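Trainee: Okay, here's the prediction I keep looking at, along with the sequence it came from:
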Amino acid sequence: MTNPTRPRRTDPILQRRRGRSRRHGVSDHTDRIALEADGWRTTLDYRENHFRDIEGALEGVETHWRGEAERTAPDGRVQVLAVIGPTPGRVWRRLRLEAEVALDFRPCPSGAMR
């Protein structure tokens, strides 16, 4: 017995949906992809601060995106980077720049900076 409310497999809309991959809102985060390809584990958090007047009416909203990148260096030390920005794209860009600086200025075995 078939269920009349369930769509049939030959439905053209379902056929189109099956062919598409879901991206969950990710749009052009090449900096994050580059960080993860270099061995960094990344996270992104979102926070809002609501500003209200004495009567409780909303006066404004301040948004913050916080990104973190963490990796284990070849010598076993854990490197952690964190930045805050107004958009996810800016956070990933700043994290990638911070990671490049962290890799360029890590201490050499002799203790001198390279």
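Mentor: In hand now; what should we look at?

Trainee: Sort out which residues of the helix ranked longest in the chain are buried, please.
Mentor: Taking DSSP state H as the criterion, the chain has its longest helix at helix 88-104. Within helix 88-104, the residues scored as buried using 16 or more other CB atoms under 10 Å are 88, 89, 91, 92, 93, 94, 95, 96, 98, 99, 102. All C-beta spots, glycine's among them, are computed from the backbone N, C-alpha and C.

Trainee: Turn the residues you listed into JSON lines, columns for pLDDT and distance to residue 78.
Mentor: Listed next are those as JSON lines, based on pLDDT from 0 to 100; distance: CB to CB, whole Å:
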{"residue": "88", "pLDDT": "94", "distance to residue 78": "24"}
{"residue": "89", "pLDDT": "93", "distance to residue 78": "26"}
{"residue": "91", "pLDDT": "95", "distance to residue 78": "20"}
{"residue": "92", "pLDDT": "95", "distance to residue 78": "20"}
{"residue": "93", "pLDDT": "95", "distance to residue 78": "23"}
{"residue": "94", "pLDDT": "95", "distance to residue 78": "20"}
{"residue": "95", "pLDDT": "95", "distance to residue 78": "16"}
{"residue": "96", "pLDDT": "93", "distance to residue 78": "19"}
{"residue": "98", "pLDDT": "93", "distance to residue 78": "15"}
{"residue": "99", "pLDDT": "91", "distance to residue 78": "14"}
{"residue": "102", "pLDDT": "81", "distance to residue 78": "12"}
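
Trainee: how about JSON lines for those, with distance to residue 47 added?
Mentor: What follows is these, written out as JSON lines (distance: CB to CB, whole Å):
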{"residue": "88", "distance to residue 47": "13"}
{"residue": "89", "distance to residue 47": "17"}
{"residue": "91", "distance to residue 47": "12"}
{"residue": "92", "distance to residue 47": "17"}
{"residue": "93", "distance to residue 47": "19"}
{"residue": "94", "distance to residue 47": "17"}
{"residue": "95", "distance to residue 47": "17"}
{"residue": "96", "distance to residue 47": "21"}
{"residue": "98", "distance to residue 47": "20"}
{"residue": "99", "distance to residue 47": "22"}
{"residue": "102", "distance to residue 47": "24"}
